[in-house]
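> Provide a 3D model corresponding to the input given below.
(2 chains)
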Amino acid sequence: MTPAIALPSVCLVFAEEDSEEARRVSTFLTTHGVSISQQPAEVMQTARLLVLLSPHAMKSELFWRSLADWKERQVVPMVVCLMPKAELYRDPPADWRHETWVWLKVNVAVELSAETDRYVTLLRALDPQDPKQWWWNAGDAVELGLAVDVLGVGIPRPATLRKASSPTGEPYPFALDESLLSACGVASDRLTPDDTSGRDAPYLALCEILLQLRRKPNGEPYKLPWFILIYRAWLSFAAQLPGFAYSEQDVIQAERELRQALFALGVGTDASEVPAFLEAFANLPWTASPSTLAAVDERTIAFMVLVHHLTQAALARTQRMRLRHPSCPCFVSYARPDEGFARELVANLEAKGADVWWDLNSITLGTPLGGSLRSAVGDARFLLLVATPAADKSPYVRLEVETAIRQGLRVVPISLDGQVPAGLQSLLDSAPDTIEPIISAIDSERASAPTSVLARLERSPSEQLRWLQSQAPYQYLRKQLAQARASLA
Amino acid sequence: MNETPKLDNVSFPGGYDITDIIVAVKLAEMLYAGNMPTGEVEQVIVQRFLGELTARHPGIAISDPVQLRAQELLDERRSLLNSHLKFSWFCLAHWVYVLVTVRSSLSLSEHVDLSTFLTPVRGALLELGVRVSEEECLAEVDRFVPAAVTPRSSLVFSTTPPCAGAKS
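Have a look, this model is predicted:
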């Protein structure tokens, strides 16, 4: 903390049974320069109301009456959750407390861990210098326990802006639209070269124009890499078309340009990886023979769809992705004591390009937690169950496994000691058809566990093709390109 | 596109260079608030930046170091292997700082048309994926304006600083 930072004043609401915890919080905050307001009259609109939420508090009518009173004072509530996270998944109060519950839901929640520095989390959350930032930090022990809308509602701001904070829905950083398809036309023109200017002359001229655009403010920095990528990918799929000619120099140039274009779009590759990948891509079980223009267009568009998907994944993770087909999405279910293993597993899987959901990345702004969980489980194809004694006792894990089985996901149990606890085993036995063989992650096999998991998640070539063809832009772009070809013909 | 591959080490789609950000802010402070860097580290960073800029452009009298650095960052986009967004972050840092000083009545350019500063801020935001109107942008900047009356703003406005209304 910077001594000069002026923290907002804080008020506390808690059940009588939690008065000892409240005293500790109060003492800690007071000794760190935070003023605790006792009288509602002293409270300004920017004050934070620390709400200590515990099983006792949930049952206390006095607590809820007090909260309802605070709600009228326009303070910013900050829920401090003193009970297991699973409790938050229970149905919210449906009676007169419901409105107050909704008020709490749109603000931040901090889960107090058992660590000695747990109150520091509170201090950071109170820091008003950049109220948006504190809970973005990974590893902060800041939990998004209840639904969160810090940016939209939680922090006081001019009233006129409250409606203006919704996303526009514009694609970022670029749109995968038909304007990119002109590269296919330029590439196919290369099959009938103009002897006076050379095969790549139109392509190079367009590259120069796009480069100038890229070097302007508010320009289109991604048009150039897309153009290069599509042009070179199209030609790599066109080897069996009449008129195709690529010198050895062309091959080297194409590989270098493809790698650079992919890099600019968030996809990192090793040397010689791109030609091998494109060759395998061309050998997916396509129905059309590769010796027609339409077939080359189809493969190119599918490749565009794949790169676009990887780019979006790179953007979401702020790290470049490897050039590979996405694996089946999965959801990781684990109990809090096993978080260390789960973090390690997720990091390993994500580094290999797996699409992993877990509670630390699947809770989104403004979405109720229960809804996020159902959505995350529902979008996944596999549920990775870290099957430990702690998970056996966790109602949260049980809820996830039940949801997964109900929605037909494949469940992959991962055991840290070679066996699945009895409670979980009986749950899995209720749906034997959906259960995959256990992956052992005992000490000697722990390092290889992510590889074993990834092998289960990978799609077969026909599934890869089906996935590509099921993506929204695929059919649209194919139709647009076919129309463009027809009009030119 | 034939240059030697030189991988950048920033995250996708492109992060900022912290030295560039410090320089952008300090130059804004110098040029628009009339404050010279007082911290030892700040002075070193700014002096080193200006020295290196001069060395990269020998024989040119550098009248606008911000513009020159911005152009350099735009030129870096020539390579597909460089960050696309260093320029955007640099502009955002510089012009947002200018806007905050103007809205705090600390700027020497307080009577300049606000759109002069809003345009580059909105352009940088757009490249970073945020589309806002001038009004929204200004309202958001106002949230960062210090609420307390500063010595200078209390001289300019004998009653309440202009930011007070937006914060209420």
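> in the stretch 101-250 of chain A, which spans are helices?
A:118-126, A:182-189, A:201-214, A:223-237, A:248-264 (DSSP state H, counting those that start in this stretch).
> most packed of those helices?
helix A:223-237 (a mean of 24; mean count of other C-beta atoms under 10 Å in any protein chain shown). (Each C-beta comes from the backbone N, C-alpha and C, glycine too.)
> The helices of the stretch 101-250 of chain A: which one's closest to chain B?
For chain B, the closest of those is helix A:248-264, at 4.0 Å, according to C-beta to the nearest C-beta.
> how distant is the closest one from the center of its chain?
30 Å (C-alpha atoms, centre = their mean, to the nearest Å).
> Do any residues in that helix lie close to chain B?
Yes: counting by C-beta under 8 Å from any C-beta of the partner chain, chain B is contacted by helix A:248-264 at A:Arg256, A:Glu257, A:Arg259, A:Gln260, A:Ala261, A:Phe263, A:Ala264.
> Now pLDDT too, for those residues, in a markdown table please.
A markdown table is the format used below for the residues of helix A:248-264 next to chain B (pLDDT from 0 to 100):
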| residue | pLDDT |
| --- | --- |
| A:Arg256 | 92 |
| A:Glu257 | 94 |
| A:Arg259 | 93 |
| A:Gln260 | 92 |
| A:Ala261 | 94 |
| A:Phe263 | 91 |
| A:Ala264 | 90 |
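> State the mean pLDDT of the helix ranked longest in chain A.
What stands out as the longest helix in chain A, according to DSSP state H, is helix A:293-317. The average pLDDT within helix A:293-317 is 89.
> I figured A:Gly353 was touching A:Gln319, is that so?
No: proximity of A:Gly353 to A:Gln319 does not meet the contact threshold set by C-beta atoms under 8 Å, at 10.6 Å.
> who has more neighbours, these two?
It is A:Gly353, of A:Gly353 and A:Gln319, that has more neighbours when counted by other C-beta atoms under 10 Å in any protein chain shown, with 19 against 14.
> how near is the more buried one to B:Phe12?
Between A:Gly353 and B:Phe12 the computed distance is 14 Å (C-beta to C-beta, to the nearest Å).
> again with B:Pro146
35 Å.
> For the two, indicate the residue with more neighbours.
Applying other C-beta under 10 Å to B:Pro146 and B:Phe12 shows that B:Phe12 carries more neighbours, namely 26 against 14.
> can you tell me which residues contact the more buried one?
A:Gly266, A:Thr311, A:Ala314, A:Leu315, A:Thr318, A:Gln319, A:Arg320 (C-beta atoms under 8 Å, 6 or more residues apart in numbering or on different chains).
> Secondary structure element holding it?
Counting by DSSP states H and E, there is no helix or strand that carries B:Phe12.
> how close does the nearest residue to it once chain neighbours are set aside sit to A:Leu278?
Excluding the flanking residues, the one nearest B:Phe12 by C-beta to C-beta, 6 or more residues apart in numbering or on different chains is A:Gly266, at 4.0 Å. Distance from A:Gly266 to A:Leu278, counting by C-beta to C-beta: 18 Å.
> In chain B, where is pLDDT below threshold?
Residues of chain B meeting the criterion pLDDT under 70: B:1-11, B:147-168.
> Chain A contacts on that one?
Counting by C-beta under 8 Å from any C-beta, chain B sits next to chain A at B:1, B:5, B:7, B:11-13, B:70, B:74-75, B:77-81, B:84-85, B:87, B:91, B:120, B:123, B:126-127, B:129, B:131, B:136, B:139-140, B:142-143, B:166-167.
> Which one, of the helices of the stretch 101-250 of chain A, ends up nearest to B:Arg56?
B:Arg56 lies closest to helix A:201-214 among the helices of the stretch 101-250 of chain A, at 21.2 Å (C-beta to C-beta).
> thinking again about what came up before, what residues sit buried inside the longest helix of chain A?
Going by neighbour count (16 or more other C-beta atoms under 10 Å in any protein chain shown), the buried part of helix A:293-317 is A:293, A:295-315, A:317.
> Any chance you could give me stretch A:50-64 in PDB, C-alpha atoms only?
What follows is stretch A:50-64 as a C-alpha-only set of coordinates in PDB (Å, rounded to 0.1, in the frame of the first residue of the first chain):
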ATOM      1  CA  LEU A  50     -18.300  -4.900   4.300                       C
ATOM      2  CA  VAL A  51     -21.000  -7.600   4.600                       C
ATOM      3  CA  LEU A  52     -19.700 -10.600   6.500                       C
ATOM      4  CA  LEU A  53     -21.700 -13.400   5.000                       C
ATOM      5  CA  SER A  54     -21.800 -16.600   7.100                       C
ATOM      6  CA  PRO A  55     -24.300 -19.400   7.800                       C
ATOM      7  CA  HIS A  56     -25.300 -17.500  10.900                       C
ATOM      8  CA  ALA A  57     -25.800 -14.300   9.000                       C
ATOM      9  CA  MET A  58     -27.900 -16.100   6.400                       C
ATOM     10  CA  LYS A  59     -30.300 -17.100   9.100                       C
ATOM     11  CA  SER A  60     -30.400 -13.900  11.100                       C
ATOM     12  CA  GLU A  61     -33.400 -11.700  10.500                       C
ATOM     13  CA  LEU A  62     -31.700  -8.800  12.300                       C
ATOM     14  CA  PHE A  63     -28.700  -9.100   9.800                       C
ATOM     15  CA  TRP A  64     -31.000  -8.800   6.800                       C
END
